[in-house]
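>>> give me a model of this one.
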Amino acid sequence: MSRISKDNIEKIKSNVLRILFDEAPRSLSATNIASQEARDKQFILKILKDLETKKIVKNVTKDFTRKSYWVMHEEAYKRYKELI
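Below is the predicted model:
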């Protein structure tokens, strides 16, 4: 498995945020994001969990479901909207 540079990881993170921003307020599953970004689900989950620790995205999964759903955090959405 090839290593991904930090620059490319940052680009992928920004692409994930763009996907979530475009689909807001609808939540997306990690599988859906992975298919749009052409990456595997586990890698996208790792990216999403990293963004969650920075309070940029949040997991809105309901109890007792295997699929995780994600949206942009409200504050991050407002800041992102100002940039565009």
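>>> grab the longest helix from the chain for me.
In terms of residue count, the longest helix belonging to the chain (DSSP state H) is helix 6-23.
>>> phi first, then psi, for residue 50.
Per-residue torsions, residue 50: phi -70, psi -40 (degrees, to the nearest 10).
>>> show me the residues around it that make contact.
residue 13 (Cβ atoms under 8 Å, 6 or more residues apart in numbering). Every C-beta, even on glycine, is put in place using the N, C-alpha and C of the backbone.
>>> let the chain start at 30 from now.
Let's use 30 as the start, then, which means that last one is residue 79.
>>> gap between it and residue 103?
Here the criterion is Cβ to Cβ, to the nearest Å. By it, residue 79 lies 19 Å from residue 103.
>>> okay, now the nearest residue to residue 98 once chain neighbours are set aside: neighbour count?
Sequence neighbours aside, residue 56 is the residue nearest to residue 98 in space, at 4.0 Å (criterion: Cβ to Cβ, 6 or more residues apart in numbering). For residue 56, the neighbour count with other Cβ atoms under 10 Å is 17.
>>> also residue 75?
Using other Cβ under 10 Å, residue 75 has 14 other residues around it.
>>> ditto for the one 5 residues further on
Taking other Cβ under 10 Å as the criterion, the count of residues near residue 80 is 20.
>>> and what of residue 51?
Number of residues near residue 51 (other Cβ under 10 Å) recorded here: 10.
>>> shaky segments in this structure?
By pLDDT under 70, the weakly predicted segments of the chain are 30-31, 93.
>>> now do the helices in it.
With DSSP H as the criterion, the chain has helices spanning 35-52, 59-66, 70-82, 103-112.
>>> please identify the most buried of those helices.
helix 59-66 (a mean of 18; mean count of other Cβ atoms under 10 Å).
>>> so that one versus helix 70-82, what angle?
Here helix 59-66 points in a direction 110 degrees away from that of helix 70-82 (axes from the mean of the first three to the mean of the last three Cα atoms, to 10 degrees).
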